[in-house]
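**Q** from the sequence below, what's the structure:
(chains A and B)
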Amino acid sequence: MKKNGTYHVLKSAIVDFKRNKIRTFLTSLGIVIGVFSVVLLIALGLGLKNYLQEQFESLGANLVMVMPGSGFGGGGGGFGGPAGLFGGAEFDEKDVSNLKRISSAKYVVPVYFTSALIESNEGELSGYVMGMNEDIFALMDMTPLAGKFFTKSDVASRAKKAVVGQVLAENLFEDPKSATGKTIRFKNQRFKVVGVLEKRGDQEMDNAAIIPYKTTFGNINPEKTFWAIYLGVEGEEDVEEVKQKAETILLKKYHEDDFEVVEQSEILSTLDQIFAVVNGILVAIGSISLLVGGVGIMNIMYATVTERTKEVGIRRAVGATEKEILAQFLAESVVLSLLGGLVGLALAAIVVVVTRQFFPAEINFASILLAIGISTAIGVFFGVFPARRAAKLPPIEAIRYE
Amino acid sequence: MIQFKNVNKSYFLGEEEVKAVCDATLTIKKKEYVSILGSSGSGKSSLMYLIGLLDRPDSGKILLDGKDVSTLDDDELSKIRNESVGFVFQSFNLINKFTVLENLLIPTKYAKGKMDFDPHKRAHELLKKFGIYERRNFFPNKISGGQQQRVAIARSLMMKPKIILADEPTGNLDTKTGDEILDILESLNKEFDTTVIIVTHEKPVADRTKRKIYIKDGTIVKKYL
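**A** Reported below is the predicted structural model:
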């Protein structure tokens, strides 16, 4: 169709929308809500992914984790439970000292992990107890909010010292900064707080009491096993080498299915896969409202065709072809749907901007394209049947229609 | 110019088949001023729609300038309607959501080729010619019936058609206004050498044309009874 004709078609559509403002608004509303929910769900999905990514990245860039079980998924992601719960290897001090022989592994940190009710004279909280060595503080680039960290000699001497996360400190003491020197209790033992960790935004670390791993060897961890071993690698280029060496060392003792050596990027790519699925499901749910919106458009377009039968007849009489009538009604449903899509997108953008104050939701280019593409497609798909009816109206019946 | 050869057209009204045009054979020459006269239900409108290519015959041939148009597809028929035929209806058939000027421009939106005139300029000229230029930005339902019919005539002339088909053009107008409209149609035939075909059931209207074609029960007859 010529430019002149396209303009006429659009103008005709807009004139009709103006004449039926409420109807146009209500018809588009379905698409507004549909696109709004799809875009928002994607944005929140992306936000969740961003959030978890930040969490993992806070672990340090060149982190290699030795974990039990095979595969990140099978072994349990994060501090899922006590060592061995998911099957596979239970690491011990011998493994730690073997791994320390890897020259490019700057830090080697055994990780014992359990949950416990942690109490002080001022309060209590159900938190986590982590048995680690002093390298964890450097490996994770931690800073003390108050006090200091425990040292190598504290680990060797099985000192009853604890470094507590800020959230834990806030729950146990009125002023977390004054926690240093005070006593906390868990698992029937008393520990002296030597330092408070600055808040990391990491749910586990912020709620944890970190104690020297050897201290757990009493009645907390009688098996003297670890849930995981973290290796801190100096340079990114050494990550692969460290992984391979760690595997070689551990294979001497364990079956290959019993442990897994993963680096952070692998965890991130697994996260990507998980979120691709989650996003797919969210989009599918949101699409239901789009479908309903599309049916609404179709319904109104059929009504419009009937209402404007005479107009179709007049246009046919002055020379409009079936295709031109089809194009006109199709353009109207596409404009209607696209308009709804853009409004939905704008509303979602506003919500996302507000949400970003506290959650890293995100509207990416793909969701903008998706919003525009989907609303255009709905306009075409649900508009084509009514438009075909208009185009196929016999001209003389149309022109006589009252 | 327009030739019908044994043209038949039937409609179904529910189960019942109605023979609207029965074995019609006729010739309307170029620049003719002619009327088709028949009572209500005689098939005169059906005949007009066939002449105007808004409908196709069931059988028989329709020739336009010697070319058989009864077998053309929708695109080709629409092109001929757009370029060569102008319709004027009893009920004016203007689109009420568009202004007078916009209504005039509609046929130009469906022009299939390049137009040898400026649409706006021509619309303005026609509006002035028919004394409705001052009403160009009015919506059709805000002007009188006579004015609406002038707009309809102006619209039918936009694409410089060879044929004007007027279906009961005075039917919704008082006698005086009706006469004015007939004067205009007559002048088109004289001034522009346009073939003007008036379809009517009123003998006085038909009497103003140079030739009358009588139709009764779908059949073209020699004499109006």
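
**Q** how about the secondary structure of residue A:221?
**A** coil (DSSP: H, G, I helix; E, B strand; the rest coil).

**Q** all strands for chain B, in order.
**A** B:2-13, B:16-28, B:33-37, B:59-64, B:67-68, B:85-88, B:163-167, B:195-200, B:211-216, B:219-221 (DSSP state E).

**Q** for chain A, what's the nearest residue on chain B?
**A** Ranked by Cβ to the nearest Cβ, the top residue of chain B for proximity to chain A is residue B:82, at 2.4 Å. Any C-beta I mention is one placed from the backbone N, CA and C, and that applies to glycine too.

**Q** thinking again about what came up before, mind giving me JSON lines with the strands of chain B and columns for distance to residue A:385?
**A** Converted to JSON lines, the strands of chain B look like this (distance: least, Cβ to Cβ, whole Å):
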{"stretch": "strand B:2-13", "distance to residue A:385": "25"}
{"stretch": "strand B:16-28", "distance to residue A:385": "30"}
{"stretch": "strand B:33-37", "distance to residue A:385": "39"}
{"stretch": "strand B:59-64", "distance to residue A:385": "33"}
{"stretch": "strand B:67-68", "distance to residue A:385": "34"}
{"stretch": "strand B:85-88", "distance to residue A:385": "29"}
{"stretch": "strand B:163-167", "distance to residue A:385": "32"}
{"stretch": "strand B:195-200", "distance to residue A:385": "36"}
{"stretch": "strand B:211-216", "distance to residue A:385": "39"}
{"stretch": "strand B:219-221", "distance to residue A:385": "41"}
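
**Q** residue A:219: which of these is closest?
**A** Closest approach to residue A:219 among the strands of chain B (Cβ to Cβ): strand B:2-13, 96.8 Å.

**Q** can the closest one be found next to chain A?
**A** No. Using Cβ under 8 Å from any Cβ of the partner chain, strand B:2-13 stays clear of chain A, with a minimum separation of 9.5 Å.

**Q** in that strand, what counts as buried?
**A** By 16 or more other Cβ atoms under 10 Å in any protein chain shown, the buried positions in strand B:2-13 come out as B:2, B:3, B:4, B:5, B:7, B:9, B:11.

**Q** export stretch A:246-254 as PDB, just CAs?
**A** Once non-C-alpha atoms are left out, stretch A:246-254 reads as follows in PDB (Å, rounded to 0.1, in the frame of the first residue of the first chain):
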ATOM      1  CA  ALA A 246      42.900 -30.700  43.000                       C
ATOM      2  CA  GLU A 247      41.100 -33.400  41.000                       C
ATOM      3  CA  THR A 248      44.200 -35.400  40.600                       C
ATOM      4  CA  ILE A 249      44.900 -35.200  44.300                       C
ATOM      5  CA  LEU A 250      41.400 -36.200  45.300                       C
ATOM      6  CA  LEU A 251      41.100 -39.000  42.800                       C
ATOM      7  CA  LYS A 252      43.800 -40.900  44.600                       C
ATOM      8  CA  LYS A 253      41.400 -41.200  47.500                       C
ATOM      9  CA  TYR A 254      37.800 -40.700  46.200                       C
END
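
**Q** please tell me how far the most centrally placed residue in chain B sits from residue A:182.
**A** For chain B, residue B:165 is the residue whose C-alpha lies nearest the centre (Cα atoms, centre = their mean; 1.8 Å). Distance of residue B:165 to residue A:182, computed by Cβ to Cβ, to the nearest Å: 103 Å.

**Q** skip the chain neighbours and tell me the closest residue to the residue in the stretch 201-350 of chain A that chain B sits nearest to.
**A** Across the stretch 201-350 of chain A, the shortest distance to chain B (Cβ to the nearest Cβ) belongs to residue A:319, at 2.4 Å. In this structure, residue A:319 finds its nearest non-sequential neighbour in residue B:82, 2.4 Å apart by Cβ to Cβ, 6 or more residues apart in numbering or on different chains.
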